[in-house]
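Participant: Here you go, sequence then predicted model.
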Amino acid sequence: MKHETILPVNGHAETVAQSQKVHEPDAPTAAGEDKPYDPVLADLVRQMLVRLGEDPTREGLVRTPQRVARAMGFLTSGYHISLDEVVNDAIFQDDGEEMVLVRDIEFYSLCEHHMLPFFGKVHIAYVPNGKIIGLSKLARIADLYARRLQVQERLTNQIADALEQVLAPRGVAVVAEAVHFCMMMRGVQKQHSATLTRAMRGVFKSDAQLRREFMDAVGQRQG
Ligand SMILES: Nc1nc2c(ncn2[C@@H]2O[C@H](COP(=O)(O)OP(=O)(O)OP(=O)(O)O)[C@@H](O)[C@H]2O)c(=O)[nH]1
Ligand SMILES: [Zn+2]
C-alpha cells in the first residue's frame, strides 16, 4: 500500500493511505508524486476542468488536479515560510562600507489579478552598516516574496523591506524587470513590453552618485 502525503486546507501535512496506487517499495516513483498537495484545491481544479468543458476522467487529465494543486502549492509556498526561516541566522559582522550587489536573480511569480505568471530578474544591493548577509539569502528572500500572488511593485518593496529589517543597512536598492503573461497571452497582448520597478532606501535614495553606480552595474542607467 502506498502512503501519499496530502495537505489539508490548514497547510499541515498529514499522511493518508492511498490504496489505489500500488508501488514496489523500491520502485522509482514519478517526479513529484510523493509531494504533498491540498485535496480541496485538487477538487476545485477538477471542478474547473468540468466548467471548462473538459472531461477530468480522460487519461491525460486524471492526475491533473493533483498536479495543479502541487504546482500551485509550490508557486505560493512563500505564504508558509517566515523571513527568519529563510535567513537562517546567516548574518555576519563585517566592517565593509561598500555596496554589495547580487544582480540577475531570476524569479517567477503570479500576478494577483489573473493568477498568470510574471517573471524576470531582480537586482538587490545594500550598503552594510556593520552586518552582512549570506549571499544566497538575497535570492531566497526574492523567492520568499515571489512565490505568492503579487504585483511587481509590492514584490520589489517587500524585498527591500526584508533587507532593512534583517540588516538595518545604510541603504537598500532593488530593481526588478519582468514580463507579464497577462499582458502577453491575453488582454492587451503586447509581446515586447517589459516592466521595471525599483525600491531605493537610505543612501540609495539620498546619494544620486551611488544610485547611478548601482543602476550602471545592473545595466539600467538612469539619471
Ligand atoms: N501595477 C501592476 N499591475 C499589474 C500587475 N500585474 C498585472 N497588472 C495589471 O492589473 C490590471 C487589472 O486590470 P483590470 O481592468 O481590472 O483587469 P482586466 O480587464 O483583465 O485588464 P486587462 O489586462 O487590461 O485586460 C491590468 O492592467 C494588468 O496589466 C503588476 O504586477 N503591477
Ligand atoms: Zn495579471
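Facilitator: Noted; the coordinates are in hand. Ligands and ions are numbered 1, 2, ... in the order given.
Participant: Tell me which stretches of this protein form helices.
Facilitator: For the chain, the helices defined by DSSP state H occupy 39-51, 64-75, 83-87, 135-146, 152-167, 181-184, 203-206, 208-217.
Participant: Tell me which residues of the first one come out buried.
Facilitator: Yep, that's helix 39-51 we're talking about. Pro39, Leu41, Ala42, Val45, Arg46, Leu49 (16 or more other C-beta atoms under 10 Å). From N, CA and C alone the C-beta is placed, and that goes for glycine too.
Participant: Quick check: chain neighbours aside, which residue is closest to the last one?
Facilitator: With C-beta to C-beta, 6 or more residues apart in numbering as the criterion, Leu49 has its nearest non-adjacent residue at 4.4 Å, and that residue is Pro56.
Participant: The closest residue to Gly202 other than its chain neighbours and Ala162: what is the separation?
Facilitator: Of all residues not flanking Gly202 in the chain, Gly171 sits nearest, at 3.3 Å (C-beta to C-beta, 6+ apart). Using C-beta to C-beta, to the nearest Å, we find Gly171 at a distance of 14 Å from Ala162.
Participant: likewise Ser109?
Facilitator: The value you get for Ser109 to Ala162, if C-beta to C-beta is used, is 15 Å.
Participant: neighbour-wise, which of the two wins?
Facilitator: Using other C-beta atoms under 10 Å, the more surrounded residue of Ser109 and Ala162 is Ser109, with 26 against 22.
Participant: Spit out the contact partners of the more buried one.
Facilitator: Shown in contact with Ser109 (C-beta atoms under 8 Å, 6 or more residues apart in numbering): Pro117, Phe118, Phe119, Ala146, Arg147, Arg148, Gln150, Gln152, Leu155, Ala178.
Participant: The last one: neighbouring residues, count only.
Facilitator: For Ala178, the number of neighbouring residues by other C-beta under 10 Å comes to 22.
Participant: Worst mean pLDDT across the helices and strands of this structure, which element?
Facilitator: When the helices and strands of the chain are scored by mean pLDDT, DSSP states H and E, strand 14-18 comes last with a mean of 38.
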